[in-house]
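J.: pasting the sequence and the predicted model now:
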Amino acid sequence: MLSKDSHEPLYVQLQKSLREYIEEHLKPGDMIPTEPEIEKTYQVSRMTVRKAIDSLVAEGLVVKQQGRGTFVQKPKITQDMESITSWTEEMRQKGKTPGTKGLQIVEVQPSKKMIAEMGLDPDESMICVKRIRCADGEPIAIMMNYLRAKFLPGFLERGLSNESLYSELETTYGLKIERADELIRAREASELEAFELEIPPDSAVLHITRASMLSDGTPVERVEMICRADRYQYRISLSGRTKQKVIDFD
């Protein structure tokens, strides 16, 4: 039972007790007891129960599903920022089965911004490869790879024969990406993005943009990736203080 004489608020005590219960008795995907059940078990108010559960949601330990209940959160897939890897390679390294839904390959005209950022010729076209990337059958990210069409003769007709686009670029076209710059922003999912990722509207997502180059510095790709924030995270290893870190609040 909880102590009303403790210096800790009741909801904090309840949060700790529920965390211990979840870690000892439940597994990812299991539903935790309902709010009325917790209220009755611990003899606390519904407001205290909701504050405790909301705190566990903020921790990322549980997730609320409208009309269904509160469930133990699945562990997030962690992208290690150490080298350039494809989705397929990254998922296999994590012991998960990569997959793709809704493959689309179209030729598009780049925007003025993309032309400027990549140093493209004014009349140069791009090939957009859009896919819903999955892990163990679960949609995790919407990925759009924009590739310079002049480097990929016959790609539109041939299509993507490999689950890994980067492996396809290397083996078929001799294009090996050696350097990439990424920018990561947090925002809410659009209605279409939420539908494609099978998440509630306005859920938090990570919007990642990547500019990729060949060994000689030639820009060859721009990536737009929208990832579920509840299932995907980044880990960056830092050492020393020899380089100045710049945080972009743009």
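T.: It's in.

J.: can you tell me the element residue 144 falls in?
T.: strand 138-148 (DSSP states H and E).

J.: ok, that strand: who's next to it in the sheet?
T.: Partners of strand 138-148 in the sheet, by DSSP bridges, are strand 126-135 (antiparallel), strand 219-228 (antiparallel).

J.: downstream of the last one, the next helix or strand is which one?
T.: Translated: strand 219-228. Next helix or strand after strand 219-228 toward the C-terminus (DSSP H and E): strand 232-235.

J.: low-confidence stretches in the protein?
T.: Within the chain, the segments meeting pLDDT under 70 span 77-83, 238-250.

J.: domain parsing for it?
T.: Structural domains annotated on the chain: 10-72, 77-235, as defined by automatic domain parsing.

J.: nearest to residue 31, of the strands paired with strand 138-148?
T.: strand 219-228 (20.0 Å; CB to CB). Every C-beta, even on glycine, is put in place using the N, C-alpha and C of the backbone.

J.: list the buried residues of the closest one.
T.: Neighbour counts over strand 219-228 (16 or more other CB atoms under 10 Å) mark 219, 220, 221, 222, 223, 225, 226, 227, 228 as buried.

J.: one step back: quick one: closest of the strands paired with strand 138-148 to residue 199.
T.: strand 219-228 (5.9 Å).

J.: chain center to the closest one: distance?
T.: On the basis of CA atoms, centre = their mean, to the nearest Å, strand 219-228 sits 12 Å off its chain's mean C-alpha point.

J.: one step back: I'd like the strands paired with strand 138-148 written out as CSV, with distance to residue 92 added.
T.: As requested, these are exported to CSV (distance: least, CB to CB, whole Å):
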stretch, distance to residue 92
strand 126-135, 10
strand 219-228, 18
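
J.: and those: which comes nearest residue 60?
T.: strand 219-228 (12.2 Å).

J.: CA atoms only: put that closest one into CSV for me.
T.: Extracted in CSV, the C-alpha atoms of strand 219-228 (Å, rounded to 0.1, in the frame of the first residue of the first chain):
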residue,chain,number,x,y,z
PRO,A,219,25.9,14.5,-54.1
VAL,A,220,23.9,11.4,-55.2
GLU,A,221,20.9,11.1,-52.9
ARG,A,222,18.5,12.9,-50.6
VAL,A,223,16.5,11.0,-48.1
GLU,A,224,13.3,12.0,-46.3
MET,A,225,12.3,9.6,-43.5
ILE,A,226,9.4,9.9,-41.1
CYS,A,227,9.8,7.5,-38.2
ARG,A,228,7.5,6.6,-35.4
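
J.: host element of residue 52?
T.: helix 46-59.

J.: could you export that helix as PDB, CA atoms only?
T.: Extracted as PDB, the C-alpha positions of helix 46-59 are listed here (Å, rounded to 0.1, in the frame of the first residue of the first chain):
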ATOM      1  CA  ARG A  46      -8.800   8.300 -10.200                       C
ATOM      2  CA  MET A  47      -6.700  11.600 -10.700                       C
ATOM      3  CA  THR A  48      -3.800  10.000  -8.800                       C
ATOM      4  CA  VAL A  49      -4.000   6.900 -11.000                       C
ATOM      5  CA  ARG A  50      -4.100   8.900 -14.200                       C
ATOM      6  CA  LYS A  51      -1.100  11.100 -13.100                       C
ATOM      7  CA  ALA A  52       0.900   7.900 -12.400                       C
ATOM      8  CA  ILE A  53       0.000   6.300 -15.700                       C
ATOM      9  CA  ASP A  54       0.700   9.500 -17.600                       C
ATOM     10  CA  SER A  55       4.200   9.600 -16.000                       C
ATOM     11  CA  LEU A  56       4.800   6.000 -17.200                       C
ATOM     12  CA  VAL A  57       3.700   7.000 -20.700                       C
ATOM     13  CA  ALA A  58       6.100  10.000 -20.600                       C
ATOM     14  CA  GLU A  59       8.900   7.500 -19.500                       C
END
